[in-house]
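*Asks:* here is my input; please provide its structure:
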Amino acid sequence: MSEEEHSDDARRKWKRALSFVRNRKRRFHFTTDSDEKKKREATLRNLQRAFLVHKAASAFLDSIAKHGVPPKEIPQSAKDAGFHIHADILASIVRGHDVRNLKKHGGVSGISKLVNSFPENGIHSSSLKIREEIYGCNRFIEKPSRNFWMFVWDALQDLTLMILIGCAVVSLFVGFFTEGWPRGMYDGLGILLSICLVVIVTAVSDYRQSLQFKELDKETQMISVHVSRDGYRQKVLIFDLVVGDVVHLSIGDQVPADGLYISGYSFSIDESCLTGESDPVNISKEKPFLLSGTKVQDGSGKMLVTAVGMKTEWGKIMETLNQEGQDETPLQVKLNDVATIIGKIGLVFAIITFLVLLMGFLSYKANHNGLTKWSFQDAQTILNFFATAVTIIVVAVPEGLPLAVTLSLAFAMKKLMKDKALVRHLSACETMGSSTCICTDKTGTLTTNHMIVNKIWTCEVTKTIRHNEDPSEMRSIVPEIVGNTLFQCIFLNSSSEVVRGKDSERTVLGNPTECALLEFGLDMGGNFDAERKTCVVKKVEPFNSIKKKMSVLVALHSGGMRAFCKGAPEIILQMCDKIVDVNGNIMPMSTKQIDNANSIIDSFANDALRTLLVAFKDITESASENDIPTSGYTLMAVFGIKDPVRPGVKEAVEACRDAGITVRMVTGDNIHTAKSIAKECGILTDGVAVEGKEFRDMNSDQKMELFPNLQVMARSLPLDKHTLVANLRSIGEVIAVTGDGTNDAPALHEADIGFAMGIAGTEVAKENADVIVLDDNFATIISVAKWGRAVYINIQKFVQFQLTVNVVALMVNFSSACLTGKVPLTAVQLLWVNMIMDTLGALALATEPPNDGMMKRPPIRRSESFITKIMWRNICGQSIYQLFVLAILMYKGKSLLGISGSNADAVLDTFVFNTFVFCQVFNEINSREMEKLNCFSGIFCNWVFGAILTATVVFQIAMVELFGSFANTIPLSSKLWIWSVLIGFIGMPVGILIKFIPVDYEKNDSEDTTGYEALPSGPADV
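*Replies:* Residues are numbered from 1 along each chain as shown. As a prediction, the model looks like this:
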């Protein structure tokens, strides 16, 4: 059984084990249904088999077809617009890999003419609308969004609320016959109105969460591709693609629609998402079929779009597998367990409370009227007991605990979008709060990824390049024949392109390193298009992070063949045995010249420059026409490319160090360049820098010895990053990894949290990542860590607040039932309390923004208990205070407050209820800080908290003063209002005193995980 299958099986058993869940449908609404997930996976496998069968059947039918079925009629409007092939026929050619039909229509060039497109210039933008009308748009059918009333229905699925609705209906019936209209209706209507309020508030909260998730889901689908339109290259969203578009693809891209291969080099596709087969499929002019949803595994190329949206095979699969929800996060699992345990305790208390009330009533009835005479009033009394018991269960079962995690994470995800971080998986934000190590790339993450050639060494002369320098100055130090060959090295051996926009402005598109070389060549007076036209490219070996070089073989216009190669110094230098000397002559490379070249490379690297070598080789042997040589090259030049460090990176690294997070740089660059940049960023301090080869040669013991001091790994392969991550995780580290390339996918998948770069990252990297860093900035990763810690701490605050309310509400009603035979808090009042502590409490406390203090403490350990000793201290302290005060009020309140008259009991019960609510209002403020004395710090930064607190107070006033008939309250005098507020407020200084109670914990226990300052040892430290 795989790890994922084991995880799904464990999740299913865990959900079944949660036997006491009030509303299972709502509890697990935002999480994946494991059984449904298993069905979808089985469906996907069946669709993959069906796809293979369909391909085989199409090939068989093509082989026996004679004249075939009469072609489908093309609408006259399509013909008038210049389109001469039906959408279904066009889609079936690629979907069925129909070679016969493709040839029948004139191959790729013939299809291009039939859809009125041009392989070089693409389509005209003016035809976009008619193309969408005839061939469809590139969007998939989505599952209809759940509307608000569906969430209302979900909220009503709560078993306890359904029981209360039944009680309310019976109460209405009994009340009508015993007390008449309208007095007899108040109790039942009060419960129904309270239930309506709870359901509406719950539904609004859940509906808003669903909208946030939908908005974030749309962001993940915003994928851009390069197309040729109107004769120039431009960037468009995949949703804007139409049939006839010419799309440019490179390594790591996702094929955005079905299409036909036009041209390219070493082009191979991963079709595993459609076929289940992991072997790459080589694409050529003989096999030109490209399917939507597949990934470019190697090379680059252009494709002609032939089918979009639901006419593609991928569109049909997406329609079948449309799903919602994410897997439960670790924190949700913990809180579900807590909620279940507390719920069972609450159930026991509710049953005992009901039995005590019932026995007291039966005892009273037996002594006064006898047990043989019963009335509607008696039934009403027992019904009220039952409703109270059920409401105790509503309050006791903290259904909001796991849902508060979803709320807090959704809130954090929305805020992180503004900070340029797109969180793809809910658990990622939470996990980042526990991260102990970040393994980061250098290029584009720590640096700006805006590269320029800063120095060049050619003809054994070093030249520093200045911005806007006169090209003649550079060319004066290089003989003309050397300059021409250098231009060939730059322009011919490149996967990047120079294109013209609408305004004819020149733009260089592609890899930043190659762009820097092309910009240099253009600035020096070179002509990209002219150089490309002087030769015919025979073979290309694209750059990859394993070979660390790119090679191209071309046939020159003047005759003969020439190979060009560029890449990492240690790779290219070994391939060279000749060099261009100071006079421009090609000479055998001596040992002294090799040492001189190495010295130049090291000096460039020590200046924090990325070093790149370019070389060429003339080929005369006809036997080598199809192979790019690997030796015998002439070293042409050494380039030093500058990529400045991003502003704010050093401060971000320092913040990580303060937060107990180790930052390690893992880069493919030269060791000297890596060390120089690492020092500038503050990563390399007193630690160790190693090369990938050295790391690979170490045994397990040596690696374990290295890890505590390892800060930089240079010249690393993707496998090195994966090995590093796997080893660090095995010793208990929580690892975050950044990556941008296709080869980074294994490391991103292996890490606890993977960060893909939004600008430089490939679609494959993004698909395997948990978070997409939209601005490729390291400082953004720190924002995710900060919000991750905020989520954890916010949920701790909410749990502390909710458990305090739970304990007090349970004990007040239970103790009063046992001692007096009645309860001070009625069903309606308890429902209101439940809303304060559940939905409203979660909104107020689980949405607190992070503060800088959270990044001053070590990370939260995985093994740490969620409810810490500090939380238990606060819960117990506040509960004791509230229970003590409420007990005095219940038993001595009349004499202490001077309450008398016929309605004294009703006034006291109302006062107790009012005081209880204000105790929770001020305790909610107290809960904002679990350790710090000043709980008002930053309170105005969270308007949600203030709004909910205000709304709670206003509604409480209305319940007491206006809705007494429904809430079982009567208006209170100003004196009693002042006492209620004052007693609630005293809970705040009590909370401060509680924080002075020392808690016995070990170092790095809960006090290190809250992100707060240490508890003052006395008033002098406050």
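*Asks:* list of residues touching the host helix or strand of Gly841?
*Replies:* Using DSSP states H and E, Gly841 sits in helix 841-845. Helix 841-845 is touched from outside by 205, 400, 403-404, 407-408, 794, 797-798, 801-802, 805, 924, 927-928, 944-945, 948-949, with contacts defined as C-beta atoms under 8 Å, 6 or more residues apart in numbering. Every C-beta, even on glycine, is put in place using the N, C-alpha and C of the backbone.
*Asks:* so what sits opposite the residue nearest the centre of the chain in the bridge?
*Replies:* The C-alpha lying nearest the average C-alpha coordinate of the chain belongs to Val423 (C-alpha atoms, centre = their mean; 1.8 Å). Listed by DSSP bridges, the beta-bridge partners for Val423 are Val771.
*Asks:* contacts only, for it.
*Replies:* Neighbours of Val423 in contact, by C-beta under 8 Å, 6+ apart: 216, 412-413, 416, 429, 770-771, 784.
*Asks:* pipe these into CSV and attach secondary structure and neighbour count per row.
*Replies:* Output for those, formatted as CSV (DSSP: H, G, I helix; E, B strand; the rest coil; neighbours: other C-beta atoms under 10 Å):
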residue, secondary structure, neighbour count
Leu216, helix, 18
Ala412, helix, 29
Met413, helix, 26
Leu416, helix, 24
Cys429, helix, 29
Asp770, coil, 24
Val771, strand, 27
Val784, helix, 27
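*Asks:* columns distance to Ile342 on top of those, output as CSV?
*Replies:* Converted to CSV, those look like this (distance: C-beta to C-beta, whole Å):
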residue, distance to Ile342
Leu216, 31
Ala412, 25
Met413, 28
Leu416, 31
Cys429, 26
Asp770, 31
Val771, 33
Val784, 31
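*Asks:* got TSV for those, with pLDDT too?
*Replies:* Shown next, in TSV, are these (pLDDT from 0 to 100):
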residue	pLDDT
Leu216	67
Ala412	83
Met413	81
Leu416	86
Cys429	78
Asp770	86
Val771	88
Val784	88
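*Asks:* name the residues of the stretch of helix or strand Ile875 belongs to that are buried.
*Replies:* Element membership for Ile875 (DSSP H and E) is helix 869-897. When burial is assessed from 16 or more other C-beta atoms under 10 Å, helix 869-897 yields the following buried residues: 870-871, 873-875, 877-879, 881-882, 885-887, 889-890, 893-894, 897.
*Asks:* if we can go back for a sec, now the helix holding Gly841: average pLDDT?
*Replies:* Helix 841-845 shows a mean pLDDT of 81.
*Asks:* pLDDT below threshold where in the stretch 251-400 of the chain?
*Replies:* Counting by pLDDT under 70, the stretch 251-400 of the chain has low-confidence residues at 275-278, 316-330, 332-334, 336-337, 369-372, 391, 394-400.
*Asks:* just the strands in it please.
*Replies:* Under the criterion DSSP state E, counting those that start in this stretch, the stretch 251-400 of the chain contains strands at 258-270, 281-282, 289-290, 295-307.
*Asks:* mean neighbour count added to these, as a markdown table?
*Replies:* Putting those into a markdown table (neighbours: other C-beta atoms under 10 Å) gives the following:
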| stretch | mean neighbour count |
| --- | --- |
| strand 258-270 | 21 |
| strand 281-282 | 16 |
| strand 289-290 | 25 |
| strand 295-307 | 25 |
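*Asks:* among those, which is nearest Ile85?
*Replies:* With C-beta to C-beta as the criterion, Ile85 lies closest to strand 295-307 of the strands of the stretch 251-400 of the chain, at 9.1 Å.
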